[in-house]
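Colleague: Mind folding the following:
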Amino acid sequence: MTPAWTTFIAAAERCRNDGLKGADRLDAVMTEIAERSRSGVSDWG
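Modeller: Numbering: from 1, shown residues only. Here you go, the predicted model:
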């Protein structure tokens, strides 16, 4: 299990590297965190 903060940082880095900005980046980060939470990959949520 990955600490929640590490999951958030990793998701944000990936989205930044994909060139997403502003609300699109935030949406992508939150979507990834939600998916990881549902799959049990992270302890977020």
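
Colleague: And W5, what's its pLDDT?
Modeller: The predicted local confidence for W5 comes out at a pLDDT of 75.

Colleague: Secondary structure element holding it?
Modeller: When elements are defined using DSSP states H and E, W5 is found to belong to helix 4-17.

Colleague: And the next helix or strand past that helix?
Modeller: Scanning the chain past helix 4-17 towards its C-terminal end, the next helix or strand to appear is helix 22-39 (assignment: DSSP H and E).

Colleague: Check the offset of that following helix from the chain's centre.
Modeller: Shown here is helix 22-39, whose average C-alpha point lies 5 Å from the average C-alpha point of the whole chain (CA atoms, centre = their mean, to the nearest Å).

Colleague: how near is L20 to E32?
Modeller: Separation of L20 from E32 (CB to CB, to the nearest Å) stands at 11 Å. Every C-beta, even on glycine, is put in place using the N, C-alpha and C of the backbone.

Colleague: Look at those two and report which has more neighbours.
Modeller: When neighbours are counted by other CB atoms under 10 Å, E32 comes out ahead of the other of L20 and E32, with 20 against 16.

Colleague: just the angle between the helix holding W5 and helix 22-39, please?
Modeller: Using axes from the mean of the first three to the mean of the last three CA atoms, to 10 degrees, the inter-axis angle of helix 4-17 relative to helix 22-39 is 140 degrees.

Colleague: Which elements pack onto helix 4-17?
Modeller: In terms of contact count using 3 or more CB pairs under 8 Å, 6 or more residues apart in numbering; DSSP states H and E, helix 4-17 is assigned the packing partners helix 22-39.
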